[in-house]
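Colleague: Predicted model follows, preceded by the sequence.
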Amino acid sequence: MKRGRMGSTAVDMTQGTPWKQILRFALPLLLGNLFQQLYNTVDAAVVGNFVGSEALAAVGTSGPVIQLLVGLFLGMSLGAGILISQFFGGKVFGNIQRAVNTAMLLTLTLGLLVTAIGLPLAPVILRALRVPEKVYPMAVSYLRVIFCGVTPMMFYNMVASILRALGDSRTPLVALGIASIINIILDLFFVIVCGWGAAGVAWATVIAQTLSVFFSGWRLHHMEEYTRLSRDFIHPDLHMLGRMVRLGLPSGIQQTAFSAGMMLVQSMINSFGQYVMAAYVVTMKVDAFCVMPLMSLGLAMTTFTGQNIGAGDILRVEKGCRQGLLLTVSITGGLSVLLFFFGKYPLMLFTPEPELLREGMHLLRILCPFYWVIAVSDLLTGVMRGSGNTIIPMINSMICLCLIRIPLMYWLVSLFHSADALYYSMVIGWCVGATFMSLFYKFSPWRRRALEKYQKDQQLLAEK
């Protein structure tokens with residue numbers, strides 16, 4: 001374990017009991033994800049209770065659009081994190097500085113590009129999604145404000161990915177905790193006092209996210225000698241950039257394709273009217289909180305795998321995977337039972353309307369018995385990404401979404417003319433994805449290829 005000047009730590013996950021290391025690392029990630037989700041959740045709760053169902057639908061229908069345009073970058077930040085975790089596990093600290101500088105330039109470039117594309121396209125995309133006229137003006141104003149602040153959002157995600165790659169999952173947590181408190185205060189002020197509606201919660205999110213960037217960036221700069229932010233980012237290491245893009249691009253494509261698919265799903269949901277739209281929004285907020293432990297353990301598994309691949313210990317990766325699967329499936333079982341019987345109460349935080357609560361509870365009872373399937377898929381995806389194999393999770397996601405879920409959704413809707421078709425197609429997609437990842441983990445030669453690829457990259461970087 002290496003300690004920085006400011007007391008933050010870079011945690012070596014190549015030592016100790018695997019499940020304890022994974023859980024210890026995942027807990028701050030979980031809390032951080034809870035704070036991250038709090039941004040959109042508070043937005044939805046405030047507009048749902050103080051503005052109305054139209055504003056609630058406007059905030060919800062904008063989500064897939066934002067994810068579509070920032071999805072590619074999220075893959076790039078993951079690629080940077082995988083690379084840095086492997087350098088850290090292999091104790092090649094000089095390469096970490098080069099990777100950090102290169103990642104900063106990549107973030108700035110992509111952030112400005114997304115803003116330039118998103119602002120003029122926002123109305124066009126919302127029209128294509130068949131957003132109802134009552135909801136459309138608020139959705140446009142919300143989306144445009146979010147796009148104005150997309151660069152700070154990207155910087156936070158990149159810095160957080162770098163810190164997590166070094167085993168520091170606490171700093172992103174603190175940054176998000178501070179930002180979430182500010183976001184809640186500003187949400188209430190902009191909506192209740194200023195009367196800005198959906199645009200108000202968007203401005204609150206952008207301001208809070210920007211403050212989290214300053215804090216997490218400051219901590220990264222003072223963490224270790226090899227993570228200092230410097231003006232050298234204007235001279236990127238092209239080989240490092242290429243490797244970062246190769247690792248991150250498949251995940252970026254996966255995120256973008258998923259978001260594009262979710263826009264089709266959202267369009268179909270919109271066709272069922274304002275109440276189904278709003279019910280879907282609030283249910284997905286509750287759903288997001290429940291799958292967060294699974295996502296956090298998957299992210300922890302990525303760092304664990306990356307560091308141990310760098311150390312050349314593939315047996316430890318397999319041991320960690322077995323222990324991680326037991327952990328995540330156990331957590332899922334408890335959450336599913338609670339949600340199946342008591343899901344109404346978290347739904348009531350977003351809306352008092354009985355019709356929305358009935359539809360939301362119906363959806364939750366379809367989804368929650370299958371959360372264990374997401375648990376298996378997310379953990380194995382974390383292993384593959386940490387090993388440097390980001391192609392397979394991309395293929396898996398695109399098959400499940402583009403070849404299974406969306407065609408099935410359209411077919412079932414045409415047969416039954418019911419929103420239930422959307423929900424059951426989601427569950428079937430999860431099952432196919434978990435099966436594919438399990439078979440690939442068990443029978444493919446990913447272990448040998450991961451070690452060979454890492455050693456080859458180290459040779460190329462040493463030659464430079």
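Modeller: Nice, I can see it. This is a predicted model, so every value here is computed, not measured. Numbering: from 1, shown residues only.
Colleague: for residue 369, what are its contacts?
Modeller: 336, 340 (Cβ atoms under 8 Å, 6 or more residues apart in numbering). Heads up, the C-betas are built off the backbone N, CA and C, glycines and all.
Colleague: And residue 437, how far from residue 19?
Modeller: The spacing between residue 437 and residue 19, counted by Cβ to Cβ, to the nearest Å, is 20 Å.
Colleague: Strands of the stretch 1-150 of the chain, start to end?
Modeller: With DSSP state E, counting those that start in this stretch, the ranges of strands along the stretch 1-150 of the chain come out as 2-3, 9-10.
Colleague: average pLDDT for the last one?
Modeller: By that I understand strand 9-10. Averaged across strand 9-10, the pLDDT comes to 58.
Colleague: cool, the first one as well?
Modeller: On average, the pLDDT along strand 2-3 is 40.
Colleague: what do you get for stretch 178-189?
Modeller: The average pLDDT for stretch 178-189 rounds to 87.
Colleague: what do you get for stretch 60-69?
Modeller: 72.
Colleague: Put the alpha carbons of that stretch into CSV.
Modeller: Output in CSV follows, covering the C-alpha atoms of stretch 60-69 (Å, rounded to 0.1, in the frame of the first residue of the first chain):
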residue,chain,number,x,y,z
GLY,A,60,-36.9,10.7,-17.3
THR,A,61,-37.2,10.7,-21.1
SER,A,62,-34.0,12.8,-21.4
GLY,A,63,-31.9,10.1,-19.7
PRO,A,64,-31.2,7.8,-22.7
VAL,A,65,-30.4,10.8,-24.9
ILE,A,66,-27.6,12.0,-22.5
GLN,A,67,-26.3,8.4,-22.1
LEU,A,68,-26.2,8.1,-25.9
LEU,A,69,-23.9,11.1,-26.4
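Colleague: Find out how far it is from the centre of the chain, if you would.
Modeller: A distance of 13 Å separates the C-alpha centroid of stretch 60-69 from that of its chain, computed with Cα atoms, centre = their mean, to the nearest Å.
Colleague: Stretch 85-101 now?
Modeller: Worked out by Cα atoms, centre = their mean, stretch 85-101 lies 23 Å from the chain centre.
Colleague: Next: stretch 250-266.
Modeller: 12 Å.
Colleague: which residues are contacting that stretch?
Modeller: So stretch 250-266 is contacted by 61, 63-65, 67-68, 71-76, 78-79, 125, 129, 385, 390-391, 393-394, 397-398, 401-402, 405-406, 409, 422 (Cβ under 8 Å, 6+ apart).
Colleague: Among the residues you listed, name the ones in helices.
Modeller: 61, 63-65, 67-68, 71-76, 78-79, 125, 385, 391, 393-394, 397-398, 406, 409, 422 (DSSP state H).
Colleague: Buried ones among the residues you listed?
Modeller: 61, 63-65, 67-68, 71-76, 78-79, 125, 385, 391, 393-394, 397-398, 406, 409, 422 (16 or more other Cβ atoms under 10 Å).
Colleague: which stretches of the stretch 351-464 of the chain form helices?
Modeller: Counting by DSSP state H, counting those that start in this stretch, one finds helices in the stretch 351-464 of the chain at the ranges 354-367, 371-386, 391-398, 406-416, 420-443, 446-463.
Colleague: between the third one and helix 420-443, how many degrees?
Modeller: Think helix 391-398. Put simply, helix 391-398 runs at 160 degrees to helix 420-443, going by axes from the mean of the first three to the mean of the last three Cα atoms, to 10 degrees.
Colleague: and the angle from helix 391-398 to helix 371-386?
Modeller: Using the same axes, to 10 degrees, the direction of helix 391-398 lies 150 degrees away from that of helix 371-386.
Colleague: Tell me where the model's unsure across the chain.
Modeller: For the chain, the stretches flagged by pLDDT under 70 are 1-10, 36-40, 48, 50, 52-53, 224-226, 229-236, 274, 457-464.
Colleague: For the stretch 151-300 of the chain, which segments are assigned as helices?
Modeller: Under DSSP H, counting those that start in this stretch, the stretch 151-300 of the chain gives helices at 170-188, 197-221, 238-270, 274-310.
Colleague: and of those, who's closest to residue 57?
Modeller: With Cβ to Cβ as the criterion, residue 57 lies closest to helix 274-310 of the helices of the stretch 151-300 of the chain, at 4.4 Å.
Colleague: tell me which residues in the closest one are buried?
Modeller: Across helix 274-310, burial judged by 16+ other Cβ under 10 Å covers 276-310.
Colleague: next one: stretch 394-413
Modeller: Quick answer for stretch 394-413 (16+ other Cβ under 10 Å): 394, 396-398, 400-402, 404-406, 408-409, 412-413.
Colleague: if I look at residue 181, how far off is residue 42?
Modeller: Counting by Cβ to Cβ, the gap from residue 181 to residue 42 is 10 Å.
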